[in-house]
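1. From the sequence below, what's the structure:
(2 chains)
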Amino acid sequence: MVRLEKRPSPSAFWQWATPILAVLLTMVAGGIMFALLGKDPIAAMRTIFWDPLFNAQFASYSRPQLLVKAGPLILIAIGLSLGFRAGIWNIGAEGQYIMGAIAGAAVGLYFFPAENRLIFPLMVVAGALGGWAWAMIPAILKTRFNTNEILVSLLLVYVAQNILASMAVGAMRNPDGGGFPGSRNLSQYPSAANLELIPGTGMHWGVIAAFMAVIAAYILLQRHILGFQIKLAGQAPRAARFAGVNPTRLVVLCMGISGALAGLAGLFEVAGPAGQISIDFNVGYGFTAIIVAFLGRLNPIGILLAGLLMALTYIGGELAQFMLGLPAAAIQAFQGMLLFFLLAVDLLTNYRVRLGAKREVA
Amino acid sequence: MFGGIDPALLIAALIVASVPIILAAIGELVVERAGVLNLGVEGMMIMGAVCGFITAVSTGSAFLGFVGGALGGAVLSLVFGVLTQFLLANQVATGLALTLFGLGLSSLIGQSYVGIKPPLTDAVPLGPFADIPFFGRVLFSHDWVVYLSVASVAAVWWVLRATRMGLILRAVGESHDAAHALGYKVRRIRMLAILFGGAMAGLGGAYISLVRVPQWTDGITAGAGWIALAIVVFASWRPWRALVGAYLFGGITVLQLNLQAAGSRIPVEYLSSAPYLITILVLVIMSSGRGKAALNAPASLGQNFHASR
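-> Numbering: from 1, shown residues only, chains lettered A, B, ... in the order given. The predicted model follows:
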């Protein structure tokens, strides 16, 4: 008989070991999935995890992509992790990402073709505000009317996608684009472009923002009273109330920060790697960031590493698509599987697994 | 009458549009009454949609397709059940994982089925009833799943209200510790509820890919699972109210589609947002003021059960 015994406090060893164990288990299960699809599992794993970094032929292209893909994932996941820690579930980051991109691009397109050094900073502010405002809808409905923030933030993703489609074919369509949907290319407009800062590294302003967010979140959680309140509200809501933590303020702050960061990620993406507002501009970073946040155990440093790993699966997945004909959706299922294994092995952090019959309590 | 929209056709279409939501919502309602919050409805629905579609196309039978859809949803819900009931994983996070995984896996196994037409699901022949003017068109010319969806609402209502099984299920949802102390198998009862919820969501998903659309495309459920979750809150965890909520939602969906077809001056993108916005609005109304929906929520909703003694 297997039974579980609650640990007095979470195991420090397993807190670090569970993400690694989950990645290994996912590789095994993913290998089985790829084998079922008729692909060589060893080759698939090498193509996904090894070739993007070390293969002589692809690495020069893939390595910079690592930061390009990890930047938005880390930026969004840092914001989400604050809320998740406090038990505030913003799962509509995808929508906030879209709205940030639209707001930021709107500022850039408004000034086109003027050249001014202030345009890009203005776009950054607009991007953050766009995401923040979109996140404020579920936040205010939650604090004012006690509406479930999970459902509202998620439903707003579909609304944001419709707004994006309408912008791409309507208000923001490139007047010189021959009637094709999609806005002007911002990455070719010097004052608005979010270009690679150091050639060959993939480093752009969004990546710098992501690193800054990691540091800021680390300090917030370790040293600031707000970080303490966030942790307290998540672990012991009743104690938090007695300690005078204002839940309304916490919801507004956590949702606002995560929305603003998601909006920033959207702005940096639309002004740089994506270049333009188009119907299929969003590629699911807002949802993958949820996996990143959990894989990093809601810890800023962990999220940094998890973001890089998840970016690697994106790039490796593309490579495997190209080299082995692995379907694009396989990598999405692979990422979902990772979250499953992570949640499953998380048991080891909080419980001891005991074999044998139960001792009678005297 | 309404700008060239025939009310009989509109109501008949509304009933059809609501079926996937009713099925998924009534399944989730049972799960939540047992005290489990499964946010993976969207993932289970889309697995039901793809499994149902593949089964129907390869066997040539729409009926077997629905069976396959229900099985697909139930198998995915089994993963949720094992993770949350035996491995004590966070229910919110596991539900999200279920949706992310379901969306990826469905698109993986469905990729060679894009653009195929599934076998037809015929209307139930009700003979003379179907010829009654207006009501014949509105009520008596649907396929069997439509009648099944209403019957499932009635059945769940009756089981929850009037049977021993329903009482035990509710006890587990209100206070798992008390139910455990009385000797009920909390985990087993919850697992059964989760499987029922998965099968119903799968059935609803299969209805989308086999009847509503009918074909397979990636992301075909388009948020229907999330709307089903919202409708459970709207319904204050009561079966008949879920039916009303689903019909309200179906009505808005059909109305905006008709407005699109009629060439309304409101852009298509804003009309397509209407069902989501109205769902949010209804959620706000239900969760505030008098008769707060939250007051009716099962007391143990979303809490994991670990028998320490």
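2. next one: the host helix or strand of residue A:28 to chain centre, how far?
-> According to DSSP states H and E, residue A:28 maps onto helix A:12-36. Centroid separation for helix A:12-36 versus its chain: 20 Å, with CA atoms, centre = their mean, to the nearest Å.
3. In the chain, where is pLDDT below threshold?
-> Answering for chain A, as no chain was given. Within chain A, the stretches with pLDDT under 70 are A:1, A:356-362.
4. let's do chain B instead
-> Regions of chain B meeting the criterion pLDDT under 70 cover residues B:1-5, B:127, B:129-130, B:136-138, B:289-295, B:308-309.
5. Can you name the residues in contact with stretch A:245-256?
-> Under the criterion CB atoms under 8 Å, 6 or more residues apart in numbering or on different chains, residues A:82-83, A:86, A:88, A:90, A:132, A:135-136, A:138-140, A:142-143, A:149, A:153, A:226, A:229-230, A:232-233, A:240-241 lie in contact with stretch A:245-256. Where C-beta positions appear, they are placed from N, C-alpha and C, glycine not excepted.
6. Quick check: helices, which of these are part of them?
-> If you go by DSSP state H, the contacts of stretch A:245-256 have A:82-83, A:132, A:135-136, A:138-140, A:142-143, A:149, A:153, A:226, A:229-230, A:232-233, A:240-241 in helices.
7. of those, buried ones?
-> A:82-83, A:132, A:135-136, A:138-140, A:142-143, A:149, A:153, A:226, A:229-230, A:232-233, A:240 (16 or more other CB atoms under 10 Å in any protein chain shown).
8. Give me the subset of the residues you listed that also touch chain B.
-> Checking these against chain B by CB under 8 Å from any CB of the partner chain, not one of them is in range.
9. Return the residues of the stretch 51-200 of chain A in contact with chain B.
-> When proximity is defined by CB under 8 Å from any CB, the stretch 51-200 of chain A lies next to chain B at A:89, A:91, A:141, A:144-148, A:150-152, A:154-156, A:158-159, A:162-163, A:165-166, A:170.
10. The helix holding residue A:28 - contacts with which helices or strands?
-> On a contact count with 3 or more CB pairs under 8 Å, 6 or more residues apart in numbering or on different chains; DSSP states H and E, helix A:12-36 meets helix A:41-49, helix A:300-324, helix A:328-345, helix A:347-350.
11. Around chain B, pick out the residues from the stretch 251-362 of chain A.
-> Residues of the stretch 251-362 of chain A lying close to chain B by CB under 8 Å from any CB are A:287-288, A:290-291, A:294, A:327, A:329-337, A:339-340, A:343-344, A:346-347, A:350-351, A:361.
12. could you check whether the longest helix along chain B is close to chain A?
-> Ranked by number of residues, the top helix in chain B under DSSP H is helix B:7-33. No. Applying CB under 8 Å from any CB, one finds helix B:7-33 separated from chain A by no less than 12.0 Å.
13. Quick check: what element follows that helix along the chain?
-> Going down the chain from helix B:7-33, the next helix or strand is helix B:41-59, by DSSP H and E.
14. Buried ones in that next one, by neighbour count?
-> Buried residues in helix B:41-59 (16+ other CB under 10 Å): B:41-57.
15. again with stretch B:172-189
-> Under the neighbour-count criterion of 16+ other CB under 10 Å, stretch B:172-189 has B:172-176, B:179-180, B:184, B:186-187, B:189 buried.
16. Same check on stretch B:277-285?
-> Residues of stretch B:277-285 classed as buried: B:277-280, B:282-284 (neighbour count, 16+ other CB under 10 Å).
17. Do you have the strands of the stretch 101-250 of chain A handy? List them.
-> For the stretch 101-250 of chain A, applying DSSP state E, counting those that start in this stretch gives no strands.
18. Help me confirm that residue B:278 comes into contact with residue B:249.
-> Yes. Counting by CB atoms under 8 Å, residue B:278 does reach residue B:249; the two are 7.4 Å apart.
19. returning to that earlier point: can you select the buried ones from the residues of the stretch 251-362 of chain A next to chain B in ChimeraX?
-> Applying 16+ other CB under 10 Å to those, the buried members can be selected in ChimeraX as follows:
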select /A:287,288,290,291,294,327,329,330,331,332,333,334,335,336,337,339,340,343,344,346,347,350,351
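20. returning to what we had before: name the stretch among the helices and strands packed on helix A:12-36 that sits most buried.
-> helix A:328-345 (a mean of 23; mean count of other CB atoms under 10 Å in any protein chain shown).
21. Next, residue A:353: secondary structure please.
-> Here residue A:353 is strand, with the state taken from DSSP: H, G, I helix; E, B strand; the rest coil.
22. my guess is it contacts residue A:11, does it?
-> No. Using CB under 8 Å, residue A:353 makes no contact with residue A:11, being 11.5 Å away.
23. Looking at the two, which is more packed in?
-> More crowded of residue A:353 and residue A:11, by other CB atoms under 10 Å in any protein chain shown: residue A:11, with 15 against 10.
24. I'd like to know how far the nearest residue to residue B:217 once chain neighbours are set aside sits from chain A.
-> Here the nearest residue to residue B:217 in space, its sequence neighbours aside, is residue B:114; by CB to CB, 6 or more residues apart in numbering or on different chains that works out to 6.3 Å. The gap separating residue B:114 from chain A is 12 Å, by CB to the nearest CB, to the nearest Å.
25. Run a quick neighbour tally on residue B:114.
-> 11.
26. my read: it touches residue B:220, true?
-> No. Applying CB under 8 Å as the test, residue B:114 and residue B:220 come out as separate, 10.3 Å apart.
27. So residue A:3 lies in a strand, does it not?
-> Yes. Under three-state DSSP, residue A:3 sits within a strand.
28. Can you give me the distance of the closest residue to it other than its chain neighbours to residue A:7?
-> Of all residues not flanking residue A:3 in the chain, residue A:354 sits nearest, at 5.4 Å (CB to CB, 6+ apart). Relative to residue A:7, residue A:354 is positioned 11 Å away (CB to CB, to the nearest Å).
29. follow-up on the earlier one: distance to residue A:274 added to the helices and strands packed on helix A:12-36, as a markdown table?
-> Below are those laid out as a markdown table (distance: least, CB to CB, whole Å):
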| stretch | distance to residue A:274 |
| --- | --- |
| helix A:41-49 | 23 |
| helix A:300-324 | 14 |
| helix A:328-345 | 17 |
| helix A:347-350 | 38 |
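30. what number of residues lie near the residue nearest to residue B:83 when sequence neighbours are not counted?
-> Closest residue to residue B:83 apart from its sequence neighbours, by CB to CB, 6+ apart: residue B:89 at 4.3 Å. Number of residues near residue B:89 (other CB under 10 Å) recorded here: 24.
31. part of a helix, is residue B:89?
-> No. Under three-state DSSP, residue B:89 falls outside any helix and is assigned coil.
32. if I pick it, what's in contact with it?
-> Applying CB under 8 Å, 6+ apart, the residues contacting residue B:89 are A:343-344, A:346-347, B:83.
33. what do you get for residue B:259?
-> Contact analysis of residue B:259 by CB under 8 Å, 6+ apart lists B:266, B:271.
34. quick one: residue A:85 from chain B, how far?
-> The gap separating residue A:85 from chain B is 12 Å, by CB to the nearest CB.
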